[in-house]
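> Based on what follows, work out the 3D shape:
(2 chains)
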There are 2 protein chains.
Amino acid sequence: MKKSVGKPERLYPNPIVLASCSDGINDNIITLAWAGTVCSNPPMISISIRPSRYSHKLIMSSKEFVINIPNKKILAACDFCGTKSGRDFDKFKETNLTREKGLVIKTPMIKECEVNIECRVKDIIHLGTHDLFIGEVLNVNADEKIIYSDGDIDYEKIEVLSYLMGHYLGNKIIK
Amino acid sequence: MKKSVGKPERLYPNPIVLASCSDGINDNIITLAWAGTVCSNPPMISISIRPSRYSHKLIMSSKEFVINIPNKKILAACDFCGTKSGRDFDKFKETNLTREKGLVIKTPMIKECEVNIECRVKDIIHLGTHDLFIGEVLNVNADEKIIYSDGDIDYEKIEVLSYLMGHYLGNKIIK
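Just a heads-up that it's a prediction; the model follows:
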(Lines give C-alpha, C1' and ligand atoms only; values in the text may rest on other atoms or scores of the structure.)
Protein backbone atom coordinates (compact mmCIF):
# COMPACT_ATOMS: atom_id res chain seq x y z
CA MET A 1 0.00 0.00 0.00
CA LYS A 2 1.18 3.49 -0.89
CA LYS A 3 0.96 6.43 1.50
CA SER A 4 1.56 10.13 0.94
CA VAL A 5 4.64 11.47 2.69
CA GLY A 6 4.05 15.10 1.80
CA LYS A 7 6.01 16.99 -0.78
CA PRO A 8 9.69 17.19 -0.02
CA GLU A 9 11.95 16.57 -2.96
CA ARG A 10 12.76 12.85 -2.88
CA LEU A 11 14.70 11.93 -5.97
CA TYR A 12 17.50 9.59 -4.91
CA PRO A 13 20.20 8.57 -5.43
CA ASN A 14 21.89 11.71 -6.75
CA PRO A 15 25.31 12.25 -8.26
CA ILE A 16 27.92 13.77 -5.99
CA VAL A 17 30.32 16.32 -7.42
CA LEU A 18 32.89 18.82 -6.21
CA ALA A 19 32.29 22.12 -7.98
CA SER A 20 35.32 24.38 -7.96
CA CYS A 21 34.85 28.09 -8.49
CA SER A 22 36.75 31.35 -8.29
CA ASP A 23 36.29 35.10 -8.60
CA GLY A 24 39.88 35.43 -9.81
CA ILE A 25 41.18 36.16 -6.31
CA ASN A 26 39.56 33.56 -4.07
CA ASP A 27 39.01 29.93 -5.02
CA ASN A 28 36.47 27.61 -3.42
CA ILE A 29 35.06 24.10 -3.61
CA ILE A 30 31.46 23.12 -2.87
CA THR A 31 30.15 19.56 -2.66
CA LEU A 32 26.88 19.21 -4.53
CA ALA A 33 24.37 16.42 -5.00
CA TRP A 34 21.99 18.53 -7.03
CA ALA A 35 23.86 18.37 -10.28
CA GLY A 36 23.14 16.63 -13.54
CA THR A 37 23.44 16.44 -17.28
CA VAL A 38 20.71 18.46 -18.98
CA CYS A 39 21.59 18.65 -22.69
CA SER A 40 23.66 16.79 -25.31
CA ASN A 41 24.21 19.48 -27.86
CA PRO A 42 25.34 21.93 -26.80
CA PRO A 43 26.59 19.75 -23.93
CA MET A 44 25.24 21.19 -20.68
CA ILE A 45 25.32 20.40 -16.99
CA SER A 46 23.20 22.04 -14.32
CA ILE A 47 23.96 22.67 -10.65
CA SER A 48 21.67 24.11 -7.98
CA ILE A 49 23.11 26.37 -5.28
CA ARG A 50 21.53 28.50 -2.55
CA PRO A 51 22.16 32.25 -3.09
CA SER A 52 23.57 32.49 0.45
CA ARG A 53 26.50 30.20 -0.39
CA TYR A 54 29.95 31.65 -0.95
CA SER A 55 30.30 29.57 -4.13
CA HIS A 56 27.15 31.19 -5.50
CA LYS A 57 28.84 34.60 -5.20
CA LEU A 58 32.03 33.38 -6.89
CA ILE A 59 30.18 31.77 -9.78
CA MET A 60 28.01 34.88 -10.23
CA SER A 61 31.22 36.86 -10.54
CA SER A 62 33.16 34.63 -12.95
CA LYS A 63 30.24 32.89 -14.72
CA GLU A 64 32.23 29.66 -14.77
CA PHE A 65 32.77 26.52 -12.69
CA VAL A 66 34.43 23.13 -12.89
CA ILE A 67 32.63 19.88 -12.12
CA ASN A 68 35.18 17.54 -10.51
CA ILE A 69 34.12 13.91 -10.08
CA PRO A 70 35.17 12.63 -6.64
CA ASN A 71 36.19 9.11 -5.69
CA LYS A 72 36.28 7.00 -2.54
CA LYS A 73 39.73 8.27 -1.55
CA ILE A 74 38.57 11.84 -0.94
CA LEU A 75 35.37 11.28 1.05
CA ALA A 76 36.67 13.39 3.95
CA ALA A 77 37.22 16.28 1.53
CA CYS A 78 33.69 15.81 0.17
CA ASP A 79 32.38 16.10 3.72
CA PHE A 80 34.44 19.19 4.47
CA CYS A 81 33.54 21.00 1.24
CA GLY A 82 29.87 20.18 1.75
CA THR A 83 29.60 21.39 5.35
CA LYS A 84 32.03 24.30 5.75
CA SER A 85 31.92 27.73 4.12
CA GLY A 86 34.62 29.14 1.90
CA ARG A 87 34.08 32.40 3.78
CA ASP A 88 35.71 30.76 6.81
CA PHE A 89 38.16 28.30 5.26
CA ASP A 90 40.54 27.98 2.34
CA LYS A 91 39.15 24.63 1.29
CA PHE A 92 42.03 23.71 -1.03
CA LYS A 93 44.39 24.19 1.89
CA GLU A 94 42.23 22.48 4.52
CA THR A 95 41.51 19.41 2.39
CA ASN A 96 44.96 19.14 0.79
CA LEU A 97 43.31 19.06 -2.60
CA THR A 98 45.54 20.40 -5.35
CA ARG A 99 44.75 23.11 -7.87
CA GLU A 100 45.28 22.14 -11.49
CA LYS A 101 45.05 24.52 -14.43
CA GLY A 102 42.21 23.93 -16.86
CA LEU A 103 42.46 24.10 -20.62
CA VAL A 104 39.77 26.69 -21.29
CA ILE A 105 38.54 28.56 -18.22
CA LYS A 106 40.39 30.27 -15.39
CA THR A 107 38.79 28.42 -12.47
CA PRO A 108 41.17 25.81 -11.05
CA MET A 109 40.32 22.14 -11.38
CA ILE A 110 40.98 19.55 -8.65
CA LYS A 111 43.94 17.32 -9.46
CA GLU A 112 42.83 14.44 -7.23
CA CYS A 113 39.62 14.01 -9.26
CA GLU A 114 40.16 11.89 -12.37
CA VAL A 115 37.54 13.81 -14.37
CA ASN A 116 37.22 17.60 -14.55
CA ILE A 117 34.51 19.28 -16.60
CA GLU A 118 35.04 22.94 -17.47
CA CYS A 119 31.76 24.84 -17.73
CA ARG A 120 30.68 28.37 -18.60
CA VAL A 121 27.37 29.62 -17.20
CA LYS A 122 24.80 30.06 -19.96
CA ASP A 123 21.75 30.73 -17.83
CA ILE A 124 20.73 31.23 -14.21
CA ILE A 125 17.19 30.33 -13.21
CA HIS A 126 15.88 31.55 -9.86
CA LEU A 127 13.72 28.74 -8.52
CA GLY A 128 13.18 29.58 -4.87
CA THR A 129 15.63 28.51 -2.18
CA HIS A 130 18.02 27.54 -4.99
CA ASP A 131 19.33 29.05 -8.20
CA LEU A 132 19.87 26.70 -11.09
CA PHE A 133 23.08 27.37 -13.00
CA ILE A 134 23.07 25.94 -16.51
CA GLY A 135 26.66 25.42 -17.56
CA GLU A 136 27.82 24.75 -21.08
CA VAL A 137 30.56 22.13 -21.14
CA LEU A 138 33.57 23.68 -22.85
CA ASN A 139 36.06 20.93 -22.21
CA VAL A 140 36.38 17.65 -20.32
CA ASN A 141 39.76 16.59 -18.90
CA ALA A 142 40.48 13.10 -17.67
CA ASP A 143 43.41 11.22 -16.23
CA GLU A 144 45.05 9.48 -19.19
CA LYS A 145 44.96 6.20 -17.26
CA ILE A 146 41.17 6.10 -17.54
CA ILE A 147 40.79 7.11 -21.18
CA TYR A 148 39.93 4.38 -23.68
CA SER A 149 41.68 4.45 -27.05
CA ASP A 150 38.49 5.85 -28.62
CA GLY A 151 38.64 8.84 -26.28
CA ASP A 152 35.83 7.71 -24.00
CA ILE A 153 36.31 7.77 -20.26
CA ASP A 154 36.40 4.41 -18.50
CA TYR A 155 34.36 5.37 -15.46
CA GLU A 156 34.67 1.84 -14.12
CA LYS A 157 38.28 2.62 -13.25
CA ILE A 158 37.13 5.33 -10.84
CA GLU A 159 35.35 4.30 -7.69
CA VAL A 160 32.40 6.52 -8.50
CA LEU A 161 30.02 7.64 -5.80
CA SER A 162 26.37 8.52 -5.50
CA TYR A 163 24.58 10.37 -2.74
CA LEU A 164 21.58 9.20 -0.74
CA MET A 165 20.20 11.28 2.14
CA GLY A 166 23.44 11.98 3.96
CA HIS A 167 25.22 8.82 2.83
CA TYR A 168 27.78 8.10 0.16
CA LEU A 169 27.04 5.13 -2.04
CA GLY A 170 29.64 2.99 -3.72
CA ASN A 171 28.54 1.66 -7.07
CA LYS A 172 28.85 -1.66 -8.80
CA ILE A 173 27.72 -2.48 -12.29
CA ILE A 174 24.88 -4.99 -12.15
CA LYS A 175 23.90 -4.96 -15.82
CA MET B 1 48.54 13.32 -16.29
CA LYS B 2 45.29 14.81 -17.51
CA LYS B 3 44.25 14.90 -21.13
CA SER B 4 41.40 16.70 -22.86
CA VAL B 5 38.71 14.38 -24.22
CA GLY B 6 36.71 17.07 -25.94
CA LYS B 7 33.44 18.40 -24.67
CA PRO B 8 30.76 15.76 -24.43
CA GLU B 9 28.70 15.86 -21.28
CA ARG B 10 30.42 13.52 -18.85
CA LEU B 11 28.75 13.77 -15.50
CA TYR B 12 28.34 10.26 -14.13
CA PRO B 13 26.83 8.42 -12.41
CA ASN B 14 23.31 9.71 -12.95
CA PRO B 15 20.04 8.83 -11.29
CA ILE B 16 17.73 6.55 -13.24
CA VAL B 17 14.01 7.20 -13.13
CA LEU B 18 10.89 6.10 -14.93
CA ALA B 19 8.84 9.17 -15.80
CA SER B 20 5.19 8.40 -16.44
CA CYS B 21 3.12 10.83 -18.47
CA SER B 22 -0.24 11.13 -20.15
CA ASP B 23 -2.28 13.43 -22.35
CA GLY B 24 -5.48 12.13 -20.75
CA ILE B 25 -5.99 9.53 -23.47
CA ASN B 26 -2.61 7.89 -23.94
CA ASP B 27 -0.22 7.02 -21.13
CA ASN B 28 3.50 6.46 -21.53
CA ILE B 29 6.66 5.72 -19.57
CA ILE B 30 10.14 7.00 -20.44
CA THR B 31 13.36 5.94 -18.73
CA LEU B 32 15.55 8.94 -17.95
CA ALA B 33 19.02 9.42 -16.52
CA TRP B 34 18.96 13.17 -16.92
CA ALA B 35 16.85 13.95 -13.93
CA GLY B 36 17.62 15.56 -10.61
CA THR B 37 16.55 17.59 -7.65
CA VAL B 38 16.90 21.31 -8.32
CA CYS B 39 15.18 23.16 -5.46
CA SER B 40 14.12 22.57 -1.84
CA ASN B 41 11.40 25.14 -1.47
CA PRO B 42 9.31 24.99 -3.49
CA PRO B 43 10.47 21.40 -3.95
CA MET B 44 11.41 20.91 -7.59
CA ILE B 45 12.78 18.19 -9.83
CA SER B 46 14.04 18.65 -13.38
CA ILE B 47 14.01 16.22 -16.29
CA SER B 48 15.53 16.68 -19.75
CA ILE B 49 13.75 15.23 -22.78
CA ARG B 50 14.31 15.56 -26.52
CA PRO B 51 11.41 17.33 -28.28
CA SER B 52 11.11 14.39 -30.70
CA ARG B 53 10.13 11.99 -27.91
CA TYR B 54 6.52 10.90 -27.53
CA SER B 55 6.72 11.64 -23.78
CA HIS B 56 7.72 15.24 -24.57
CA LYS B 57 4.45 15.67 -26.47
CA LEU B 58 2.38 14.15 -23.65
CA ILE B 59 4.01 16.30 -20.96
CA MET B 60 3.61 19.42 -23.11
CA SER B 61 -0.09 18.62 -23.30
CA SER B 62 -0.78 17.82 -19.63
CA LYS B 63 2.02 19.86 -17.98
CA GLU B 64 2.50 17.09 -15.45
CA PHE B 65 4.57 13.93 -14.91
CA VAL B 66 5.35 11.38 -12.24
CA ILE B 67 8.90 10.43 -11.26
CA ASN B 68 8.85 6.73 -10.37
CA ILE B 69 11.98 5.33 -8.69
CA PRO B 70 12.87 1.94 -10.19
CA ASN B 71 14.50 -1.02 -8.47
CA LYS B 72 16.53 -4.04 -9.48
CA LYS B 73 13.44 -6.18 -10.13
CA ILE B 74 12.28 -4.08 -13.07
CA LEU B 75 15.52 -3.62 -15.03
CA ALA B 76 13.98 -5.18 -18.15
CA ALA B 77 11.19 -2.60 -18.01
CA CYS B 78 13.76 0.19 -17.61
CA ASP B 79 15.47 -1.06 -20.76
CA PHE B 80 12.22 -1.29 -22.68
CA CYS B 81 10.95 2.15 -21.64
CA GLY B 82 14.32 3.70 -22.46
CA THR B 83 14.70 2.23 -25.93
CA LYS B 84 11.19 1.91 -27.40
CA SER B 85 8.76 4.65 -28.36
CA GLY B 86 5.31 5.08 -26.89
CA ARG B 87 4.19 5.83 -30.43
CA ASP B 88 4.75 2.15 -31.27
CA PHE B 89 4.03 0.39 -27.98
CA ASP B 90 1.71 0.56 -25.00
CA LYS B 91 4.56 0.45 -22.50
CA PHE B 92 2.38 -0.34 -19.47
CA LYS B 93 1.06 -3.37 -21.34
CA GLU B 94 4.40 -4.52 -22.78
CA THR B 95 6.28 -4.26 -19.48
CA ASN B 96 3.45 -5.52 -17.25
CA LEU B 97 3.88 -2.43 -15.10
CA THR B 98 0.68 -1.46 -13.32
CA ARG B 99 -1.04 1.90 -13.33
CA GLU B 100 -1.77 3.35 -9.91
CA LYS B 101 -3.83 6.48 -9.25
CA GLY B 102 -1.95 9.44 -7.80
CA LEU B 103 -3.23 11.69 -5.05
CA VAL B 104 -2.97 15.03 -6.84
CA ILE B 105 -2.39 14.80 -10.59
CA LYS B 106 -4.12 12.75 -13.28
CA THR B 107 -1.03 11.03 -14.72
CA PRO B 108 -0.86 7.41 -13.55
CA MET B 109 1.97 6.33 -11.25
CA ILE B 110 3.76 2.98 -11.51
CA LYS B 111 2.72 0.56 -8.77
CA GLU B 112 5.89 -1.56 -8.92
CA CYS B 113 8.03 1.49 -7.96
CA GLU B 114 8.12 2.03 -4.20
CA VAL B 115 8.39 5.83 -4.58
CA ASN B 116 6.25 7.99 -6.88
CA ILE B 117 6.72 11.74 -7.09
CA GLU B 118 3.86 13.75 -8.56
CA CYS B 119 5.07 16.86 -10.38
CA ARG B 120 3.48 19.79 -12.20
CA VAL B 121 5.53 21.57 -14.86
CA LYS B 122 6.47 25.08 -13.74
CA ASP B 123 8.89 25.97 -16.51
CA ILE B 124 10.25 24.60 -19.77
CA ILE B 125 13.70 25.71 -20.87
CA HIS B 126 14.79 25.05 -24.44
CA LEU B 127 18.47 24.18 -24.25
CA GLY B 128 19.30 22.65 -27.61
CA THR B 129 18.81 18.96 -28.32
CA HIS B 130 16.91 18.74 -25.03
CA ASP B 131 14.17 20.67 -23.25
CA LEU B 132 14.48 20.97 -19.50
CA PHE B 133 11.18 20.51 -17.68
CA ILE B 134 11.19 21.99 -14.18
CA GLY B 135 8.54 20.17 -12.18
CA GLU B 136 7.21 21.31 -8.83
CA VAL B 137 6.76 18.37 -6.49
CA LEU B 138 3.13 18.34 -5.38
CA ASN B 139 3.13 15.06 -3.52
CA VAL B 140 5.37 12.09 -2.82
CA ASN B 141 3.89 8.64 -2.36
CA ALA B 142 5.79 5.70 -0.94
CA ASP B 143 5.12 2.10 -0.09
CA GLU B 144 4.22 2.07 3.59
CA LYS B 145 6.78 -0.69 4.16
CA ILE B 146 9.60 1.77 3.48
CA ILE B 147 8.34 4.76 5.47
CA TYR B 148 10.02 5.50 8.80
CA SER B 149 7.80 6.53 11.72
CA ASP B 150 8.93 10.16 11.19
CA GLY B 151 7.59 10.07 7.63
CA ASP B 152 10.96 9.85 5.93
CA ILE B 153 11.53 7.28 3.23
CA ASP B 154 13.98 4.48 4.03
CA TYR B 155 15.68 4.34 0.65
CA GLU B 156 17.96 1.59 1.91
CA LYS B 157 15.02 -0.80 1.70
CA ILE B 158 14.81 -0.26 -2.05
CA GLU B 159 17.58 -1.62 -4.22
CA VAL B 160 18.20 1.79 -5.74
CA LEU B 161 19.98 2.14 -9.06
CA SER B 162 22.23 4.63 -10.76
CA TYR B 163 23.15 4.93 -14.42
CA LEU B 164 26.61 4.97 -15.95
CA MET B 165 27.10 5.04 -19.71
CA GLY B 166 24.73 2.25 -20.67
CA HIS B 167 25.05 0.32 -17.42
CA TYR B 168 22.90 0.06 -14.34
CA LEU B 169 24.72 0.42 -11.06
CA GLY B 170 23.67 -1.20 -7.82
CA ASN B 171 24.44 0.93 -4.78
CA LYS B 172 25.80 0.17 -1.37
CA ILE B 173 26.28 2.64 1.46
CA ILE B 174 29.97 3.08 2.18
CA LYS B 175 29.76 5.96 4.62
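
> Any idea which helix or strand in chain A has the lowest mean pLDDT?
Least confident helix or strand, chain A: strand A:167-173 with a mean of 83, by mean pLDDT, DSSP states H and E.

> Quick check, residue A:75 in contact with residue B:175.
Yes - in this structure, residue A:75 is within contact of residue B:175 by Cβ atoms under 8 Å, at 5.7 Å. (C-beta placed from N, C-alpha, C; glycine too.)

> any shared contact partners between the two?
Residues touching both residue A:75 and residue B:175 (Cβ atoms under 8 Å, 6 or more residues apart in numbering or on different chains): residue A:168.

> Not counting sequence-adjacent ones, nearest residue to residue A:110?
residue A:68 (4.1 Å; Cβ to Cβ, 6 or more residues apart in numbering or on different chains).

> helix or strand for the one you found, which one?
Taking DSSP states H and E as the definition, residue A:68 sits inside strand A:64-69.

> quick one: strands adjacent to that strand?
strand A:17-22 (antiparallel), strand A:115-126 (antiparallel) (DSSP bridges).

> pLDDT of it, averaged?
Averaged over strand A:64-69, pLDDT sits at 98.

> And the next helix or strand past that strand?
Going down the chain from strand A:64-69, the next helix or strand is helix A:75-83, by DSSP H and E.

> In terms of secondary structure, what does that following helix contact?
Contacts defined by 3 or more Cβ pairs under 8 Å, 6 or more residues apart in numbering or on different chains; DSSP states H and E place helix A:75-83 against strand A:17-22, strand A:27-32, helix A:91-95.

> what's the last one packed up against?
Helix A:91-95 is packed against strand A:27-32, helix A:75-83, with contacts defined by 3+ Cβ pairs under 8 Å, 6+ apart.

> Any buried residues in the longest one, and which?
What that stands for is helix A:75-83. With burial defined by 16 or more other Cβ atoms under 10 Å in any protein chain shown, the residues of helix A:75-83 counted as buried are A:77, A:78, A:80, A:81.

> Low-confidence stretches in chain A?
By pLDDT under 70, chain A has no low-scoring segment.

> tell me, what residue is most central in it?
Residue closest to the average C-alpha location in chain A (Cα atoms, centre = their mean): residue A:17, at 3.1 Å.

> unless I'm mixing things up, that residue is touching residue A:66, no?
No - applying Cβ under 8 Å, one finds residue A:17 not in contact with residue A:66, separated by 9.5 Å.

> Neighbours of the residue lying closest to residue A:20 once chain neighbours are set aside, how many?
Distances taken as Cβ to Cβ, 6+ apart place residue A:66 nearest to residue A:20, at 4.5 Å, with adjacent residues excluded. Applying other Cβ atoms under 10 Å in any protein chain shown, we find 27 residues neighbouring residue A:66.

> Now do the contacts for residue A:66.
Counting by Cβ under 8 Å, 6+ apart, residue A:66 touches A:19-21, A:102, A:105, A:107-110, A:116-119.

> Now with 10 Å, please.
A:17-22, A:29, A:100, A:102, A:104-105, A:107-110, A:113, A:116-119, A:135, A:139, A:141 (Cβ atoms under 10 Å, 6 or more residues apart in numbering or on different chains).

> Show me just the buried residues among those residues.
When the contacts of residue A:66 are checked for burial by 16+ other Cβ under 10 Å, the buried set is A:17-22, A:29, A:100, A:102, A:104-105, A:107-110, A:113, A:116-119, A:135, A:139, A:141.

> and the residue nearest to residue A:87 when sequence neighbours are not counted, backbone torsions?
Using Cβ to Cβ, 6+ apart and skipping the chain neighbours, the partner closest in space to residue A:87 is residue A:54 (4.9 Å). Main-chain torsions, residue A:54, degrees, to the nearest 10: phi -60, psi -40.

> Repeat that for residue A:58.
Here is the backbone geometry of residue A:58 (degrees, to the nearest 10): phi -60, psi -40.

> What's opposite the residue nearest to it when sequence neighbours are not counted in the beta bridge?
Nearest non-adjacent residue to residue A:58, counting by Cβ to Cβ, 6+ apart: residue A:21, 4.2 Å away. Judged by DSSP bridges, the bridge partners of residue A:21 are residue A:28.

> is it true that residue A:21 touches residue A:65?
Yes - here residue A:21 reaches residue A:65: they are 4.8 Å apart, a contact under Cβ atoms under 10 Å.

> overlap in contacts of those two?
Common contacts of residue A:21 and residue A:65, defined by Cβ under 10 Å, 6+ apart, comprise A:28, A:30, A:47, A:49, A:55, A:58, A:59, A:107, A:133.

> Doesn't the fifth one lie inside a strand?
Okay, so that is residue A:55. No - secondary structure assignment (DSSP: H, G, I helix; E, B strand; the rest coil) places residue A:55 in helix, not in a strand.

> Verify the stated contact: residue A:135 with residue A:117.
Yes - counting by Cβ under 10 Å, residue A:135 touches residue A:117, with 8.3 Å between them.

> any shared contact partners between those two?
The contact lists of residue A:135 and residue A:117 share A:19, A:43, A:45, A:65, A:66, A:67, where a contact means Cβ under 10 Å, 6+ apart.

> Out of those residues, flag the one nearest to chain B.
Taking Cβ to the nearest Cβ as the measure, residue A:43 is the one of the shared contacts of residue A:135 and residue A:117 closest to chain B, at 4.1 Å.
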